[in-house]
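Colleague: sequence? don't have it. structure:
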Ligand SMILES: Nc1ncnc2c1ncn2[C@@H]1O[C@H](COP(=O)(O)OP(=O)(O)OP(=O)(O)O)[C@@H](O)[C@H]1O
Ligand SMILES: [Mg+2]
């Protein structure tokens, strides 16, 4: 029975955009809204998987994974901005509107190469990976763990948010990037593009899931669990835990970057708000709610908490942050092993 | 060259002005079994901390087979061939007995090597043999979290053996064990010495007697007496600080 559960869920998810193609008014037609919301959740589920690898398996509670997600989103956003070309309001052949507005004469060096999709995609993985390497190396080498590590990662995303809010950073300041036109030759904002992006996200989720599942079943996965439960003991067994933690942290950040890269074309906008500390905390709540240390739990948590959020914000948007705070505190106390733990019992 | 074994000379460790170790010297030859006894707070665990790189001495020499232990990372020292069983048994509860032993098995320890690791037939039988040796063959696929206290101690000793160390440090292995388990443990430790050096810290003098080896008495961070169990038990200084209580 359990063997068919996951393929069944994937098949069901794959059906959504197809049901969207049915004529308007058909009883089982799925609306555009549902497809785009479900597409976002797929990206969130990838982010949840990434966080679960670091936190659930290796005990690295990152409160800054939203930053890796946002950086991946910005990398693809830069590509989408370059593709607008002369179709911007100012009609400049090279410079995005906000640069023209701010009086830029030429493209800053760090925008070079983003005209090419493969380069942008690579950067969506590499930039979060490098940041995770730098932060992880410094923190793990100094043996910073637990709540101190969480605070450092939270500070990291907050600092990036403040930096990206600045106009002179060259990333569009508080408006960020939007008004995208196309991606890989495909006009955005069409039902077709929505379906393609949806399937890309679904494929990425399945791929990340299988990769994570394969990885956590190896001895490396067991070393991570051992580090989570008694890191110093693992060192006395002769493992250089720094390398193992760094490996999983960087991989996790790259996965989060991929999630962000898939997310931005779907929602059509990226701004510094994506770096907000609350976003990272939200991702932690997904994983905790679903059940950390189980991959299914991370995915289920991302879907269910976001379903709750979508439902709640439809009539009481102000309530969400309060509910998030309550979940953040209540879930570890009342359901320490999450939904999956409760279902298994 | 088989190496000089363990060599501590004049080792001093200070915690906030308090001398946990005070010019301690100790020699353990290759293959030797040595018992270390001493009252609570004598510095026995701290001595192991120095040898395994957990604590740095303020002065003195700590060498193993010519390597300066005071300058090395814990994981590097472990890979030199020094294995340690902690006073409070720490096995990995979430993993099975077999997986605990597998993690300890001597093999490349980097992340990529661990990702690519496949359990060979030889490795499997080495693990099964050790599980047998420490009396846990039947529990191999149970999570370590479900073992009794004594079984956890044995699993830790088993994990030490998997590392195939040249020097084994065992901190209070029989605390909380039944008499039968204690006798078993003494047999086990005597059996593994010879091929490797073993240093056992213990309070239980019947157990130390069963080990039948040279005994070092620590007191206030320094060596008080050394010799056979009968010799140290007859030493008036030892009687005064420790045995006479
Ligand atoms: N990290 C530390 N910080 C401060 N003091 C310490 C530290 N570790 C040990 N000590 C002190 O050093 C002294 C020696 O401690 P140690 O644990 O080595 O004793 P022990 O001989 O192992 O005792 P026991 O038989 O109780 O295990 C004790 O007085 C202890 O309180
Ligand atoms: Mg002690």
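Modeller: Good, I have the coordinates. The shown structure was predicted, so the numbers you read here are calculated from the model rather than taken from an experiment. Numbers count the residues shown, from 1 in each chain, chains lettered A, B, ... in the order given. Ligands and ions are numbered 1, 2, ... in the order given.

Colleague: Mind pulling up the pLDDT for the nearest residue in space to residue A:167 that is not next to it in sequence?
Modeller: When the adjacent residues along the chain are set aside, residue A:167 lies closest to residue A:173, with 3.9 Å between them (C-beta to C-beta, 6 or more residues apart in numbering or on different chains). In this view, the C-beta of every residue, glycine as well, is placed from N, C-alpha and C. The predicted local distance difference test score for residue A:173 is 91.

Colleague: before we move on, what about residue B:76?
Modeller: pLDDT, read off for residue B:76, is 93.

Colleague: Let me know how buried it is, in neighbour terms.
Modeller: Neighbourhood size, residue B:76 [other C-beta atoms under 10 Å in any protein chain shown]: 16.

Colleague: excluding its backbone neighbours, what's nearest it?
Modeller: With C-beta to C-beta, 6+ apart as the measure, residue B:53 is the residue that lies nearest to residue B:76, at 7.6 Å, once sequence neighbours are left out.

Colleague: Isn't the one you found up against residue B:68?
Modeller: No. Look at residue B:53 against residue B:68 with C-beta atoms under 8 Å: they stay out of range, at 10.6 Å.

Colleague: Compare neighbour counts for the two and give me the winner.
Modeller: In terms of neighbours (other C-beta under 10 Å), residue B:53 is the more surrounded of residue B:53 and residue B:68; the figures are 22 against 10.

Colleague: Could you check how far the more buried one is from ligand 2?
Modeller: When C-beta to the ion, to the nearest Å is the yardstick, residue B:53 and ligand 2 sit 17 Å from each other.

Colleague: What of residue B:37?
Modeller: Going from residue B:37 to ligand 2 by C-beta to the ion gives 11 Å.

Colleague: what's the answer for residue A:311, then?
Modeller: Taken as C-beta to the ion, the spacing of residue A:311 relative to ligand 2 amounts to 56 Å.

Colleague: Quickly find the element holding residue B:183.
Modeller: According to DSSP states H and E, residue B:183 maps onto helix B:179-192.

Colleague: What are the buried residues along that helix?
Modeller: B:181-182, B:184-186, B:188-190, B:192 (16 or more other C-beta atoms under 10 Å in any protein chain shown).

Colleague: Same check on stretch A:133-150?
Modeller: Counting neighbours by 16+ other C-beta under 10 Å, one finds that the buried residues in stretch A:133-150 are A:133, A:135-136, A:139-140, A:145, A:149-150.

Colleague: ditto for stretch A:214-225
Modeller: For stretch A:214-225, a neighbour-count test (16+ other C-beta under 10 Å) marks A:215-216, A:218-225 as buried.

Colleague: what about that stretch, average pLDDT?
Modeller: Along stretch A:214-225, the predicted local confidence has a mean pLDDT of 96.

Colleague: Which residues does that stretch contact?
Modeller: With C-beta atoms under 8 Å, 6 or more residues apart in numbering or on different chains as the contact definition, stretch A:214-225 has outside contacts at A:53, A:57-59, A:234, A:239, A:244, A:247-248, A:293, A:295, B:92, B:94-95, B:99, B:102-103, B:111, B:114-117.

Colleague: Could you tell me which of those are located in strands?
Modeller: Using DSSP state E to define strands, no part of the contacts of stretch A:214-225 is located there.

Colleague: which of these are buried?
Modeller: With neighbours counted using 16+ other C-beta under 10 Å, these contain these buried positions: A:53, A:57-59, A:234, A:239, A:244, A:247-248, A:293, A:295, B:92, B:94-95, B:99, B:102-103, B:111, B:114, B:117.

Colleague: which stretches of chain B aren't confidently modelled?
Modeller: Judged against pLDDT under 70, the low-scoring parts of chain B cover residues B:1-2, B:243-245.

Colleague: which parts of it sit against chain A?
Modeller: Listed as neighbours of chain A in chain B under the rule C-beta under 8 Å from any C-beta of the partner chain: B:52, B:54, B:73-75, B:78-79, B:83-84, B:86, B:90, B:92-95, B:99, B:102-104, B:109-112, B:114-117, B:159, B:163.

Colleague: and with 7 Å instead?
Modeller: Within chain B, the residues that sit near chain A (C-beta under 7 Å from any C-beta of the partner chain) are B:52, B:74-75, B:78-79, B:84, B:90, B:92-95, B:99, B:102-104, B:109-111, B:114-115, B:117, B:163.

Colleague: and the residue nearest to the spatial centre of chain B, which of the three is it?
Modeller: Nearest to the geometric centre of chain B sits residue B:169, at 1.7 Å (C-alpha atoms, centre = their mean). With DSSP: H, G, I helix; E, B strand; the rest coil as the basis, the three-state label of residue B:169 is strand.

Colleague: measure it to residue B:68 for me?
Modeller: Taking C-beta to C-beta, to the nearest Å as the measure, residue B:169 and residue B:68 are separated by 18 Å.

Colleague: Can you find the residue of the stretch 1-150 of chain A that comes nearest to ligand 1?
Modeller: Ranked by C-beta to the nearest ligand atom, the top residue of the stretch 1-150 of chain A for proximity to ligand 1 is residue A:143, at 14.7 Å.

Colleague: ok and the residue in the stretch 51-200 of chain A nearest ligand 2?
Modeller: Here the stretch 51-200 of chain A gets closest to ligand 2 at one residue, residue A:143, 22.5 Å apart by C-beta to the ion.

Colleague: Which phi and psi values does that residue adopt?
Modeller: Geometry field for residue A:143 lists phi and psi as phi 60, psi 40, criterion degrees, to the nearest 10.

Colleague: Now name the helix or strand holding the residue of chain B found nearest ligand 2.
Modeller: Using C-beta to the ion, the point where chain B gets nearest to ligand 2 is residue B:45, with a distance of 3.1 Å. If you go by DSSP H and E, residue B:45 is part of helix B:44-51.

Colleague: ok, now residue B:60?
Modeller: strand B:59-64.

Colleague: Distance-wise, check residue A:239 relative to ligand 1.
Modeller: Residue A:239 sits 23 Å away from ligand 1, going by C-beta to the nearest ligand atom, to the nearest Å.

Colleague: who's in contact with the residue sitting furthest away from the middle of chain A?
Modeller: For chain A, the C-alpha lying farthest from the average C-alpha position belongs to residue A:236; by C-alpha atoms, centre = their mean, that distance is 34.9 Å. For residue A:236, the contacting residues are B:52, B:74, B:78, B:84, taking C-beta atoms under 7 Å, 6 or more residues apart in numbering or on different chains as the criterion.

Colleague: Next step: those residues restricted to strands.
Modeller: Checked against DSSP E, these include these in strands: residue B:84.

Colleague: Rebuild the contacts of residue A:236 as CSV, extending it with neighbour count and distance to residue B:36.
Modeller: Shown next, in CSV, are the contacts of residue A:236 (neighbours: other C-beta atoms under 10 Å in any protein chain shown; distance: C-beta to C-beta, whole Å):
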residue, neighbour count, distance to residue B:36
B:52, 22, 15
B:74, 22, 21
B:78, 25, 20
B:84, 26, 13
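
Colleague: can you tell me which two in the contacts of residue A:236 are farthest apart?
Modeller: Checking those against each other with C-beta to C-beta, the farthest-apart pair comes out as B:74 and B:84, at 9.4 Å.

Colleague: Between those two, which contacts overlap?
Modeller: Counting by C-beta under 7 Å, 6+ apart, the residues touching both residue B:74 and residue B:84 are A:236, B:52.

Colleague: Residue B:163 against residue B:104, yeah?
Modeller: Yes. Using C-beta atoms under 7 Å, residue B:163 is in contact with residue B:104, at 5.4 Å.

Colleague: Need the residues touching each of these two.
Modeller: Looking at what touches both residue B:163 and residue B:104 (by C-beta under 7 Å, 6+ apart), the common residues are residue A:237.

Colleague: Looking at the two, which is more packed in?
Modeller: Under the neighbour definition other C-beta under 10 Å, residue B:163 and residue B:104 were set side by side, and residue B:104 has more, 29 against 22.
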